[in-house]
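# Pasting the sequence and the predicted coordinates here, then a few questions.
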Amino acid sequence: MSSLPTTEYCPEAQCLIAAGLQSHVLVPSNAEYTQRIESYWCNSAKLRPACIVQPSSASEVATAVKALADAGQVFAVRSGGHGNWAGSNNIDGGVTIDLGLISSAEYDATTELAHIGPAGKWKHVYEELEKHGRVVAGAREAEVGVGGFLLGGGNTFYSGRVGFGCDNVVAYEVVLADGRIITADATGEYSDLFRVLKGGGNNFGIVTKFTMRTFSSGPLWGGYAAHPMEIMPAAAQAFVDFTANSSKDPDSTLNLSVCHMPHLGGSLAVAVCTNVAGVENPPAFRELREKPEILNNLKKTTLQEVLPYTSLPPNFYNTWYTLTFKNDASIIAKAHALYTQLTSKVQEKVAGGEFTTHCSFQPIPKYYTEHSVAAGGNIFGLERYAHDAILIQASVSVRTPELASWARPQVREMIEGIRKFAESVEDGICPWLYINYASPDQNVLQSYGKDNVDKMRNAAAKYDPKGVFQRLCPGGFKISAVKD
């Protein structure tokens with residue numbers, strides 16, 4: 001990385017230069033700056049910071065954070081760059097701390113733990129750990145980054161066995177707002193910080209290393225089956241039955257999406273099925289597999305081969321919303337009906353078919369919380385809900401910001417329609433909102449419950465008393481914005 005004369009740097013970079021980080025700063029005239037901006041997955045995130053700083057170690061992250069805090073300079077933090085909304089991991093006119101150089105994955109055979117950098121892509125993490133015959137509870141998508149996924153909780157192919165991704169973190173190396181580098185774990189001095197980092201986002205500091213439990217890897221059985229859309233809503237009952245019985249087969253996971261993807265021929269219902277123990281055609285999927293199929297590629301395979309099946313295409317403007325509700329076939333059917341209406345609107349609006357829509361249904365059975373509790377608890381508050389639940393992700397992806405602005409209220413209307421219907425069902429709404437799928441106008445942290453909000457407030461006040469990550473780092477869901 002070549003350096004410019006100090007006089008050619010923007011004012012926002014001066015505090016970083018004074019701190020000795022000049023060789024790590026990228027400005028818009030650098031080719032590397034353009035490359036990093038273009039590497040964001042979502043077009044909405046391709047903002048124009050005044051400069052980017054790329055620290056290569058925790059100590060350099062600490063130097064950058066302290067310099068920016070002392071200067072009162074606004075900043076964003078980027079890990080893998082897969083955030084889906086403007087400002088979540090980038091900033092216009094401020095400084096983006098780009099953790100892209102902190103992406104290693106190392107396995108310790110003595111402890112059977114993995115030490116993983118925040119900017120690693122999960123496909124690379126899995127590839128490295130596979131050399132040792134190990135795996136961790138990470139993302140189900142190849143291009144997603146480690147940091148955002150784990151700080152948001154992380155739903156995985158292994159959740160039936162070990163819970164959410166965050167439940168498998170045993171320690172966080174964290175850079176605090178005052179430049180201290182600490183290690184938070186379940187039993188040490190920073191155990192309160194350890195708890196709130198499990199789903200609390202970027203409210204408390206910058207995590208520069210995740211230490212995770214590993215377990216033996218091996219072949220799995222899985223892939224996807226594409227069905228005609230006509231199987232919906234009849235397939236809703238099969239999904240409900242899968243969720244209700246999932247504790248009997250914790251190795252099997254299911255992601256059922258209704259989607260409109262022109263490159264796949266239009267509207268389809270796609271089931272991504274996996275069994276991480278490698279059991280072929282397990283009984284858990286029988287009811288759904290009996291529905292008519294257009295094609296499937298289900299087979300004994302590897303994790304790396306399955307990862308692309310849940311990937312959404314890059315370089316779109318994306319609108320995502322989420323909701324969690326009771327495991328009830330009537331709510332799924334209503335969600336499908338509202339999704340169909342949404343897709344019809346998008347088809348009428350977007351000329352040439354340059355868009356995708358999808359609504360993904362994912363089981364969140366009650367027994368997942370048992371893994372969370374056994375691991376010391378996370379911050380979601382899911383143990384408050386007495387029923388098996390279903391998590392949905394609804395999205396529209398379009399090519400222009402104008403279309404994205406049009407699409408947002410359309411997706412929000414769909415989600416609110418599902419919510420209203422679910423509220424008519426006894427215990428129909430699960431209060432938890434999954435931060436990694438949420439829109440910025442959704443009340444994510446509030447959904448964790450008052451006790452957990454208080455834990456987050458207390459941790460933020462204790463470890464960031466000057467409110468650096470609340471005032472100067474505007475991206476993400478902020479605990480300071482939660483009203484009583």
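Ah, there it is. All values reported here derive from a predicted model rather than from experimental measurement.
# going forward, measure contacts and count neighbours with C-alpha atoms only.
Will do.
# Point out where the protein drops to low pLDDT.
Low-confidence segments of the chain (pLDDT under 70): 1-7, 263-264.
# one more time with 90
Low-confidence segments of the chain, defined by pLDDT under 90, are located at 1-8, 86, 233-234, 261-266, 308-313, 351-354, 483-484.
# and the helix ranked longest in the chain, what other elements does it pack with?
The residue-count maximum for a helix in the chain (DSSP state H) belongs to helix 401-423. Contacts defined by 3 or more CA pairs under 8 Å, 6 or more residues apart in numbering; DSSP states H and E place helix 401-423 against strand 317-326, helix 329-349, strand 389-398.
# for those, which one ends up most surrounded?
The highest mean neighbour count among the helices and strands packed on helix 401-423, using mean count of other CA atoms under 10 Å, belongs to strand 317-326: a mean of 26.
# Alpha carbons of that strand, in PDB - could you do that?
C-alpha atoms of strand 317-326 as PDB (Å, rounded to 0.1, in the frame of the first residue of the first chain):
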ATOM      1  CA  TYR A 317     -29.800  -3.000  -4.100                       C
ATOM      2  CA  ASN A 318     -31.300  -5.200  -1.400                       C
ATOM      3  CA  THR A 319     -34.300  -4.700   0.900                       C
ATOM      4  CA  TRP A 320     -34.600  -7.200   3.800                       C
ATOM      5  CA  TYR A 321     -37.100  -7.500   6.500                       C
ATOM      6  CA  THR A 322     -37.600 -10.200   9.100                       C
ATOM      7  CA  LEU A 323     -40.200 -11.600  11.500                       C
ATOM      8  CA  THR A 324     -40.500 -14.600  13.900                       C
ATOM      9  CA  PHE A 325     -43.800 -16.300  14.600                       C
ATOM     10  CA  LYS A 326     -45.300 -19.500  16.000                       C
END
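# between that strand and helix 329-349, how many degrees?
If you take axes from the mean of the first three to the mean of the last three CA atoms, to 10 degrees, strand 317-326 sits at 160 degrees to helix 329-349.
# tell me what strand 317-326 is packed against?
Secondary-structure packing of strand 317-326 (3+ CA pairs under 8 Å, 6+ apart): strand 389-398, helix 401-423.
# again, 10 Å this time
Contacts defined by 3 or more CA pairs under 10 Å, 6 or more residues apart in numbering; DSSP states H and E place strand 317-326 against helix 329-349, strand 355-364, strand 389-398, helix 401-423.
# now the ones you listed as TSV including distance to Cys430?
Shown next, in TSV, are those (distance: least, CA to CA, whole Å):
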stretch	distance to Cys430
helix 329-349	12
strand 355-364	10
strand 389-398	7
helix 401-423	9
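# between the ones you listed, which gets nearest to Cys15?
Proximity to Cys15 (CA to CA) singles out helix 401-423 among the helices and strands packed on strand 317-326, at 33.3 Å.
# Dump the C-alpha coordinates for that closest one into PDB.
Below are the C-alpha coordinates for helix 401-423, written out as PDB (Å, rounded to 0.1, in the frame of the first residue of the first chain):
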ATOM      1  CA  PRO A 401     -31.500   2.900  -5.800                       C
ATOM      2  CA  GLU A 402     -34.800   4.400  -7.000                       C
ATOM      3  CA  LEU A 403     -36.400   1.000  -7.300                       C
ATOM      4  CA  ALA A 404     -35.000   0.100  -3.900                       C
ATOM      5  CA  SER A 405     -36.700   3.100  -2.400                       C
ATOM      6  CA  TRP A 406     -39.900   2.000  -4.000                       C
ATOM      7  CA  ALA A 407     -39.500  -1.600  -2.800                       C
ATOM      8  CA  ARG A 408     -38.900  -0.900   0.800                       C
ATOM      9  CA  PRO A 409     -42.400   0.100   1.800                       C
ATOM     10  CA  GLN A 410     -43.700  -2.800  -0.300                       C
ATOM     11  CA  VAL A 411     -41.700  -5.400   1.700                       C
ATOM     12  CA  ARG A 412     -42.500  -3.600   5.000                       C
ATOM     13  CA  GLU A 413     -46.200  -3.800   4.100                       C
ATOM     14  CA  MET A 414     -45.900  -7.600   3.500                       C
ATOM     15  CA  ILE A 415     -44.200  -8.100   6.900                       C
ATOM     16  CA  GLU A 416     -46.800  -6.000   8.700                       C
ATOM     17  CA  GLY A 417     -49.500  -8.100   7.000                       C
ATOM     18  CA  ILE A 418     -47.900 -11.300   8.300                       C
ATOM     19  CA  ARG A 419     -47.500  -9.800  11.700                       C
ATOM     20  CA  LYS A 420     -51.200  -8.700  11.900                       C
ATOM     21  CA  PHE A 421     -52.300 -12.200  10.900                       C
ATOM     22  CA  ALA A 422     -50.000 -13.900  13.300                       C
ATOM     23  CA  GLU A 423     -51.300 -11.700  16.100                       C
END
